[in-house]
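# A structural model of the following input is requested.
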Amino acid sequence: MSTGGAQVEPFYAVEINRLANERSRHGLPVIHMEVGQPSAGAPHAAIEAGHRALAGSPQGYWESSLLRDRIAALYGERYGLGVDAARVMLTMGASGALVLSLALLFEWGSRVAVARPGYPAHRNVLRALGLEAVELDCGLETRFQPTAGMIAALEPAPAGLILTSPSNPTGTMIEGAGLQQLADVCRKRGIRIISDETYHGITYGLPAHSILEFENDAVVVNSFSKYWCMTGWRLGWAVVPEALVEAMSRYSANLFLAPPTLAQHVALVAMDERAELEGHVATYARNRELLMTALPQLGIARMAPVDGAFYIYADISHLTGDSLAWCRELLDSTGVALNTGRDFDAIHGGNFIRLSFAVSPAEIQMALELLDGWLRNRRNQ
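Purely as a prediction, here's the structure:
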């Protein structure tokens, strides 16, 4: 049956996750490296605060002014920026922040540039809202990130640009000089920037820069899902220019009423549980090293530079041209669940896979052993 809305593409990670969960229901082992979520939960002290809030406060519509203040303070701690708490909008995850930002900023039919490969929900939400995704073909030569030159060459200029640094799926970052150049060309051409900074806090060298260091009128979206390990709590935020605060508040109230009350209580405590959270990042760093050392030994050597996030985006074109079928076969044979690059790139994604390493080192080691045996068997067939 046809629908009246825009047609959006499948989210293959969800399909592979469904197959993996079906395997688990039949008592078969699975190593979940297909979805972008930490295997750890929210910090222990935050969960305890959640128990107290659940027992002692009504769970009605509510927005925490204390949480907005704490998020504003984060921009001083991480980036040396002074952000007024009034500019912080609490949202239903970064996804809610993205929907609100796109709906507020752009008229029906507007063109918004996005990187390819890139997070599929960016282009799909654009289409669902009647906007046109202008895909920028980003390869290894630009570290899978858009450049100021790409934006300068677009004719006509798009109304907007979505940046993601660190990136999902590649984990690459845009250095400060690159962000400055992007901000300059967008300002010159009247292009509104939305910066998805969901993976800030999870880096393996230099810290990530916020676009707000270079363009105060940009819109930032972020989430408690990744660094704070609160994926299922569905809580995020947007930082918007002062001139958009009132309009964004109206949009938010009409589309979502308020973000989850209990999640706000938990997040406020989670923000200061730095030792536990940095322990998770240290685990990701160990997993990253394990994979970057072992995968080339298995014949998977062409990978995006992993500056941040918890993904490896690997070229397997020498093994298959259909990475979705390859991932399904791997899951069925071994229980190792990976994601196809088709989620992130409809043109070249059949040649790539994405591995999420936000699991335990023991699971990484087991996955490598299973993948090694499976690849050996395939070569011998």
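
# okay, now Arg234: neighbour count?
Neighbourhood size, Arg234 [other Cβ atoms under 10 Å]: 18. (Glycine included, C-beta is placed from N, CA and C.)

# so who does the residue nearest to it when sequence neighbours are not counted touch?
Nearest residue to Arg234 in three dimensions, chain neighbours excluded: Gly93, at 4.7 Å (Cβ to Cβ, 6 or more residues apart in numbering). For Gly93, the contacting residues are 223-225, 234-236, by Cβ atoms under 8 Å, 6 or more residues apart in numbering.

# tabulate the residues you listed (JSON lines), appending pLDDT.
What follows is the contacts of Gly93, written out as JSON lines (pLDDT from 0 to 100):
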{"residue": "Ser223", "pLDDT": "98"}
{"residue": "Phe224", "pLDDT": "98"}
{"residue": "Ser225", "pLDDT": "98"}
{"residue": "Arg234", "pLDDT": "97"}
{"residue": "Leu235", "pLDDT": "98"}
{"residue": "Gly236", "pLDDT": "98"}
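
# take these and keep only those in strands.
223, 236 (DSSP state E).

# will you turn the contacts of Gly93 into TSV that also has distance to Asn216?
Compiled in TSV, these are given as follows (distance: Cβ to Cβ, whole Å):
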residue	distance to Asn216
Ser223	21
Phe224	24
Ser225	26
Arg234	28
Leu235	25
Gly236	20
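
# tell me the contacts of Pro120?
Pro120 neighbours (Cβ under 8 Å, 6+ apart): 9, 11, 343-344.

# are any of these buried, and which?
Neighbour-count burial (16 or more other Cβ atoms under 10 Å) applied to the contacts of Pro120 gives 343-344.

# from the contacts of Pro120, which single one is nearest Gly373?
Of all the contacts of Pro120, Asp343 has the smallest distance to Gly373: 26.1 Å, by Cβ to Cβ.

# next one: phi and psi at Asp137?
The phi and psi values for Asp137, taken as degrees, to the nearest 10, are phi -70, psi 100.

# leaving aside the residues adjacent along the chain, what's closest to it?
Leaving out its chain neighbours, the residue that sits closest to Asp137 by Cβ to Cβ, 6+ apart is Arg116, at 5.7 Å.

# I figured the one you found hits Arg342, correct?
No - applying Cβ atoms under 8 Å as the test, Arg116 and Arg342 come out as separate, 11.6 Å apart.

# Ala20: which of the contacts of Gly93 is nearest?
Ser225 (19.4 Å).

# quick one, what contacts that closest one?
37, 93-94, 198, 231, 233, 236.

# can you tell me the element Gln145 falls in?
In this assignment (DSSP states H and E), Gln145 forms part of neither any helix nor any strand.

# tell me the contacts of it?
115, 138, 165, 167, 172-174, 178.

# try Ala42
For Ala42, the contact set (Cβ under 8 Å, 6+ apart) comprises 50, 228-230, 233, 266, 270.

# so it lies in a helix, does it not?
No - Ala42 sits outside any helix when classified using DSSP: H, G, I helix; E, B strand; the rest coil, being coil.

# still on that earlier bit, just the buried members of the contacts of Ser225?
Those of the contacts of Ser225 that meet the buried threshold are 37, 93-94, 198, 231, 233, 236, by 16+ other Cβ under 10 Å.

# now render the residues you listed as TSV, adding distance to Leu54 and secondary structure.
What follows is those, written out as TSV (distance: Cβ to Cβ, whole Å; DSSP: H, G, I helix; E, B strand; the rest coil):
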residue	distance to Leu54	secondary structure
Gln37	23	coil
Gly93	20	helix
Ala94	24	helix
Thr198	26	coil
Thr231	19	helix
Trp233	13	helix
Gly236	21	strand
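
# which of the residues you listed sits closest to Leu257?
Scanning those for proximity to Leu257, where the rule is Cβ to Cβ, the winner is Gly93, at 14.5 Å.

# model confidence for the closest residue to Leu140 other than its chain neighbours, exactly?
In space, and not counting its chain neighbours, Leu140 is closest to Ala304: 7.0 Å by Cβ to Cβ, 6+ apart. For Ala304, the model assigns a pLDDT of 94.

# do Asn377 as well
The score at Asn377 is 93. That number is its pLDDT.

# which SS class is it?
Asn377 ends up helix, using three-state DSSP.

# how close does it get to Cys138?
35 Å (Cβ to Cβ, to the nearest Å).

# please identify which of the two sits among more neighbours.
Neighbour tally, Asn377 and Cys138, criterion other Cβ under 10 Å: the higher count belongs to Cys138, 22 against 11.

# in terms of contact, does that one touch Gly149 like I think?
No - with contact defined as Cβ under 8 Å, Cys138 does not count as touching Gly149 (11.7 Å).

# hmm, back to that, can you tell me which of the contacts of Ala42 end up in helices?
50, 266, 270 (DSSP state H).

# any idea which of the contacts of Ser225 is closest to Val359?
Within these, proximity to Val359 (Cβ to Cβ) peaks at Gln37, which comes in at 9.9 Å.

# any chance you could map the strands in the stretch 1-150 of the chain?
Here the stretch 1-150 of the chain has its strands, by DSSP state E, counting those that start in this stretch, at 31-32, 88-91, 111-116, 132-137.

# nice, that's everything, thank you.
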